[in-house]
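Chemist: Build me a structure from this.
(2 chains)
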Amino acid sequence: MTATATTARPARNATAVYVFAVCRGLAAPALAGLPGHRDGGALRLLAAGSLAAVAQEVPAREHDEEALRRRLAEPAELEGYARAHHEVVAAVAAATTAVPLPLATLYLSEERARQAVAGNAARFHRVLDRLTGRAEWGLKLYALPREPAAAAGAAPVPEAGAPQDPPASGRAYLERLRGRQRDREARREAAWLAAERVDAAVGELAVAARRLRCHGQEAGGPERQVLNATYLVDAGRARELAALVARLRRDPALAAHVRLELTGPWAPYSFADEGEAADGEG
Amino acid sequence: MTARVDLDAESVGRDLAALVLTIVELLRQLMERQAVRRVEAGELTEEQVERVGTTLMLLEDRMGQLRAQFGLAPEDLNLDLGPLGSLLPRD
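Modeler: Purely as a prediction, here's the structure:
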């Protein structure tokens, strides 16, 4: 679908068509006030059979493969590009049911864009049907760095980082290592179990679920991400979802080990394909 | 990701020390884990336990001295392996 492949650089004044999202032709939203990409023209709806593409004409030289490789390698530029994309997708998805397209979906001409959308009409309709009246919610779980001392129970586990008296003997040193390792393993396992439990509970409420790769730990940050999941949820159950997450947060067995972070509703980026792989859950 | 390499002699020396000490630290932690496993399995005599424990304790102590010498904190000795997490456990 991404039609960026041209090896020769486009002419100076050539334009390309950037497509943000696809929606049903009859339900196409108003686009006034949405800027899109800074270097592009006004946003437009391209009719493609029973569908409509939310598109923008952009200078081809700034959006061809070579230019994008350069632009998206710079953090600030990448952020601006992604924000411009996201703003449009989010606004369209808030107004109507829409299939978000991947960042930098470009066509050589309006005609090509229309053809690509119309050619995949059946697939787009299936996805639209699945997304209708639903939104994506993100859920992240972070393992807490260390159990609060009060909850540690009877056996006092020496703090790994805290200053402590040197062990009196080789055996005492090994005992301390053992305690530390057990403590770490126990905390790790508790966090994973918590993640499974939360994912199962939220998945039951969702139409579809998908697990994303956990993000690496922020440099120096004490929290480790143990679940990065996303759920497609009926709009009518958003309140239920919030209540469920609030309940899970209060659950002492979970609260001791993990922190929950719920975000949404989002445009259904993670469910923009037909999601065969994800449908099994929930 | 795009951090520039700063080629002044002092920072290069410190970075190299951090890298070398990270590897040493990895081996040290592996040895510790192995020792704990063997104690748990009851493979060592009382005397061996004492000796291994003392050796590891001295090694940890020496590691702390080396870190201090290069002005490195414990968390400086680690490598981010992206999707695989970090080389050494952070918690």
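Chemist: For the host helix or strand of B:Leu26, buried residues please.
Modeler: Take DSSP states H and E as the rule and B:Leu26 turns out to sit in helix B:9-40. By neighbour count, and taking 16 or more other CB atoms under 10 Å in any protein chain shown as the criterion, the buried residues in helix B:9-40 are B:17-18, B:21-22, B:25, B:28-29, B:32, B:35-36, B:39. Bear in mind the C-beta positions are built from the backbone N, C-alpha and C, glycine included.
Chemist: Could you provide the residues you listed in CSV, with additional columns for distance to B:Arg90?
Modeler: Shown next, in CSV, are the buried residues of helix B:9-40 (distance: CB to CB, whole Å):
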residue, distance to B:Arg90
B:Ala17, 20
B:Ala18, 16
B:Leu21, 16
B:Thr22, 13
B:Glu25, 13
B:Arg28, 16
B:Gln29, 12
B:Glu32, 16
B:Ala35, 22
B:Val36, 19
B:Val39, 25
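Chemist: that older thread, and the next helix or strand after the helix holding B:Leu26, average pLDDT?
Modeler: Counting by DSSP H and E, the element after helix B:9-40 in chain order, helix or strand, is helix B:46-69. Mean pLDDT, helix B:46-69: 94.
Chemist: which strands and helices sit next to helix B:46-69?
Modeler: Using 3 or more CB pairs under 8 Å, 6 or more residues apart in numbering or on different chains; DSSP states H and E as the contact test, the elements touching helix B:46-69 are helix A:170-205, helix B:9-40.
Chemist: list the contacts for the residue nearest in space to the middle of chain B?
Modeler: With distances taken as CA atoms, centre = their mean, B:Glu25 lies nearest the centre of chain B, 1.4 Å away. When contacts are counted by CB atoms under 8 Å, 6 or more residues apart in numbering or on different chains, B:Glu25 is found next to B:63, B:77, B:88.
Chemist: buried subset of those?
Modeler: Taking 16+ other CB under 10 Å as the criterion, what is buried in the contacts of B:Glu25 is B:63, B:77.
Chemist: JSON lines please, covering the contacts of B:Glu25 and showing distance to A:Tyr231.
Modeler: Listed next are those as JSON lines, based on distance: CB to CB, whole Å:
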{"residue": "B:Met63", "distance to A:Tyr231": "45"}
{"residue": "B:Leu77", "distance to A:Tyr231": "38"}
{"residue": "B:Leu88", "distance to A:Tyr231": "33"}
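Chemist: of the contacts of B:Glu25, closest to A:Gly33?
Modeler: The nearest member of these to A:Gly33, counting by CB to CB, is B:Leu88 at 50.7 Å.
Chemist: pretty sure the closest one contacts B:Leu27?
Modeler: No. Contact between B:Leu88 and B:Leu27 fails when scored by CB atoms under 8 Å: they sit 10.9 Å apart.
Chemist: Correct me if wrong: A:Thr97 contacts A:Thr132.
Modeler: Yes. Using CB under 8 Å, A:Thr97 is in contact with A:Thr132, at 4.7 Å.
Chemist: So the two - more neighbours on which side?
Modeler: A:Thr97 (20 against 13; other CB atoms under 10 Å in any protein chain shown).
Chemist: Need phi/psi at the more buried one.
Modeler: As for A:Thr97, its main-chain torsions (degrees, to the nearest 10) stand at phi -80, psi 130.
Chemist: Residue of the stretch 151-282 of chain A nearest chain B, please.
Modeler: Nearest to chain B in the stretch 151-282 of chain A, going by CB to the nearest CB, is A:Gly170, at a distance of 2.6 Å.
Chemist: quick one: that residue and B:Glu60 touch, right?
Modeler: No. Using CB under 8 Å, A:Gly170 is not in contact with B:Glu60, being 11.8 Å away.
Chemist: Comparing the two, which shows the higher neighbour count?
Modeler: Set side by side, A:Gly170 and B:Glu60 show more neighbours around A:Gly170, with 21 against 16, by other CB under 10 Å.
Chemist: how much space between that one and B:Leu59?
Modeler: 12 Å (CB to CB, to the nearest Å).
Chemist: ok, now A:Ala16?
Modeler: Taking CB to CB as the measure, A:Ala16 falls 61 Å from B:Leu59.
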